[in-house]
Each structure stands twice: as C-alpha cells, then as structure tokens.
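K.L.:
Sequence and predicted structure, then a few things I'm wondering about:
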Amino acid sequence: MNAHDYQAFTEMLQRNLERDPRVIGLMASGSMAGSSHQPDEWSDHDFWLIVEPDAQAWLHSHHEWLPDSDQIALWFREPHGGFKAIYRSGHLLEFAVSDRQILQQAKVNDYRLLIDRDGLAADLERLQAETTAEFKQLAEDDQCLLGQFLTNLLVGVGRYRRGEQISARLFITGWSLYALLRLVPKYIPTDHPEALDNLDPLRRVEMAYPELGAEINRLLRLDLDQAAVGLLDLADALLRERLADYPAEAVAVIRRSISAIT
C-alpha cells in the first residue's frame with residue numbers, strides 16, 4: 001500500500017469510528033502511529049479501539065465498521081483476543097477492541113491517539129512509561145540473557161542432531177538470537193539508536209547495526225548446527241571483553257558440546 005492509500009485508509013477508519021457514539025478512543029500503534037517510524041509499502045495498520053463495555057460483543061462479531069469491509073478476504077480473532085484482517089489487496093490489519101479497563105493491560109511503545117473522548121491520553125502516557133520500565137528491567141539481568149542465549153543454542157543443536165529440525169530452528173534462530181539481541185544494544189554503540197524497538201529486539205537490527213545485521217543474516221543462511229557455532233563465536237567476540245563476569249568457562253563448555261555434536 002503506497003503512502004497516499006495508507007493515509008486515506010487511516011482517515012477512513014477514523015471517520016467511520018467518529019460516527020459511532022460507542023467509541024471512546026482509537027489508538028494507532030507501530031508504524032501507523034507515525035512516531036519513530038513512518039509507514040512504508042510493507043506496513044500494516046495496527047491499532048487499538050476502545051469502546052463502551054456493552055459495545056464489545058457486537059464489534060467482536062462484526063467487521064462492517066472497517067473501511068472497505070466488502071474487500072476483506074479473511075477476518076478472525078486470535079487466542080489472546082486480538083483480531084487480524086486481510087484484504088484482497090494483501091493489506092493486513094492487526095487490532096484490538098476492548099473497553100477501557102482491558103486497555104490497562106496493554107504494552108505500549110509508539111502510539112498516537114486519533115480519537116479520545118474520555119481522557120485516554122493520561123492512561124496511555126502511564127502505560128507507555130510502565131512498558132518502558134518493565135522491558136528495561138527485563139533486560140538488566142545480563143547473566144540471565146547470556147544464559148538463555150547459550151542454553152537455547154545447546155538445546156537447539158541437540159534437537160537438530162536428533163532430527164527435530166523445525167524445533168531446532170526456533171531455538172537457534174529465534175529464542176537464542178532474541179536473547180543475544182537484548183544484550184547487544186547495552187554494549188555495542190550504534191549511530192541509529194532510534195531504529196531499535198524496545199519491545200522486539202529483532203526489529204530493524206539491520207538499520208541500527210548494518211554490519212552486524214549482515215553478519216547475522218549470513219549465519220542464519222547456514223545449516224542450523226553451523227549457524228549455532230557461528231552465533232556463539234559472534235557473541236563471544238562482541239561480549240567477552242565488555243560484559244562483566246563473562247562466563248568464559250560456560251562458553252567453552254557450550255562450544256565443546258555443540259562442536260562435538262556438529
């Protein structure tokens with residue numbers, strides 16, 4: 001979706017909802033918020049609709065309120081309560097519909113209030129601050145993050161050699177890498193810190209760390225056991241001299257173990 005069509009869709013969604021008295025607020029998030037990152041041709045529409053409690057059931061079971069709803073090819077509710085819709089054009093919506101009480105459980109980073117009929121701005125400022133503080137606290141335990149990185153590599157390679165390649169891929173290229181990329185911004189400077197996402201460390205790594213991103217992507221194209229060894233070597237080079245109480249012995253144990261398996 002080009003920039004003009006994306007903005008037109010946002011405006012149509014806002015107009016539709018402004019006509020509904022049951023709507024309390026509309027919060028755009030992610031690229032739709034247009035805060036730290038502007039939407040591009042690959043961006044979806046990501047939003048949270050806040051409504052009166054007695055309006056939830058109807059909005060959960062109908063999608064006529066969405067722009068061009070007759071062009072929706074797929075619409076469903078996810079297990080956690082959110083919704084997704086795919087248009088025939090291939091454009092994706094990811095959204096939540098709730099009352100104000102449920103909104104208080106949200107994790108918020110970039111956002112923009114498009115409709116606010118009940119003082120939601122204060123709620124969202126608090127939620128954003130709480131989200132930032134929570135994820136900062138989660139990232140403070142360096143030993144835990146490095147431990148997750150190491151043990152997920154070990155488990156992943158073991159499963160790879162057992163023949164569980166799908167599970168191994170999740171451990172090695174998903175969970176292990178997720179933990180490593182929580183550590184990287186704490187110790188490796190970047191000229192583009194604004195590119196980093198405080199909720200998902202896998203987002204925009206290539207923009208913040210072009211050379212590192214290229215190397216990680218090169219490693220991920222290898223066979224899984226080789227990728228695991230490469231990621232371990234990369235983490236060792238990045239963190240050995242920077243991380244206090246670096247567990248050199250544990251790293252050596254993991255290296256021997258996964259090298260013996262490969």
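P.N.:
Everything's here; your move. Numbers count the residues shown, from 1 in each chain.

K.L.:
For residue 26, which three-state class applies?
P.N.:
Here residue 26 is strand, with the state taken from DSSP: H, G, I helix; E, B strand; the rest coil.

K.L.:
ok, what's across the strand from it?
P.N.:
In this entry, residue 26 is beta-bridged to residue 49, residue 115, by DSSP bridges.

K.L.:
For it, which residues are in contact?
P.N.:
Residues counted as contacts of residue 26 (C-beta atoms under 8 Å, 6 or more residues apart in numbering) are 13-14, 17, 47-50, 113-115. No exception for glycine: its C-beta is placed from N, CA and C like everyone else's.

K.L.:
Which parts of the stretch 1-150 of the chain are strands?
P.N.:
All strands of the stretch 1-150 of the chain, identified by DSSP state E, counting those that start in this stretch, fall at 23-29, 45-51, 72-77, 83-87, 92-98, 111-116.

K.L.:
and the ones you listed as TSV, adding mean pLDDT and distance to residue 238?
P.N.:
Formatted as TSV, the strands of the stretch 1-150 of the chain follow (pLDDT from 0 to 100; distance: least, C-beta to C-beta, whole Å):
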stretch	mean pLDDT	distance to residue 238
strand 23-29	94	31
strand 45-51	95	32
strand 72-77	94	41
strand 83-87	94	36
strand 92-98	94	33
strand 111-116	92	32
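
K.L.:
Which of those sits closest to residue 223?
P.N.:
strand 92-98 (31.9 Å; C-beta to C-beta).

K.L.:
Pairing partners for that closest one, with directions?
P.N.:
Looking at strand 92-98 with DSSP bridges, its partner strands are strand 45-51 (parallel), strand 83-87 (antiparallel).

K.L.:
Packing partners of the helix or strand of the chain with the lowest mean pLDDT?
P.N.:
Counting by mean pLDDT, DSSP states H and E, the weakest-scoring helix or strand in the chain turns out to be helix 120-138, with a mean of 80. If you count contacts as 3 or more C-beta pairs under 8 Å, 6 or more residues apart in numbering; DSSP states H and E, helix 120-138 packs onto strand 23-29, helix 100-103, strand 111-116.

K.L.:
Can you give me the neighbour number for residue 65?
P.N.:
Neighbourhood size, residue 65 [other C-beta atoms under 10 Å]: 16.

K.L.:
And the contacts of residue 26, which is closest to residue 67?
P.N.:
residue 13 (5.4 Å).

K.L.:
Turn the contacts of residue 26 into JSON lines, including distance to residue 36 and neighbour count.
P.N.:
Below are the contacts of residue 26 laid out as JSON lines (distance: C-beta to C-beta, whole Å; neighbours: other C-beta atoms under 10 Å):
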{"residue": "13", "distance to residue 36": "21", "neighbour count": "24"}
{"residue": "14", "distance to residue 36": "21", "neighbour count": "16"}
{"residue": "17", "distance to residue 36": "24", "neighbour count": "21"}
{"residue": "47", "distance to residue 36": "17", "neighbour count": "24"}
{"residue": "48", "distance to residue 36": "18", "neighbour count": "23"}
{"residue": "49", "distance to residue 36": "22", "neighbour count": "24"}
{"residue": "50", "distance to residue 36": "23", "neighbour count": "27"}
{"residue": "113", "distance to residue 36": "16", "neighbour count": "16"}
{"residue": "114", "distance to residue 36": "17", "neighbour count": "19"}
{"residue": "115", "distance to residue 36": "22", "neighbour count": "19"}
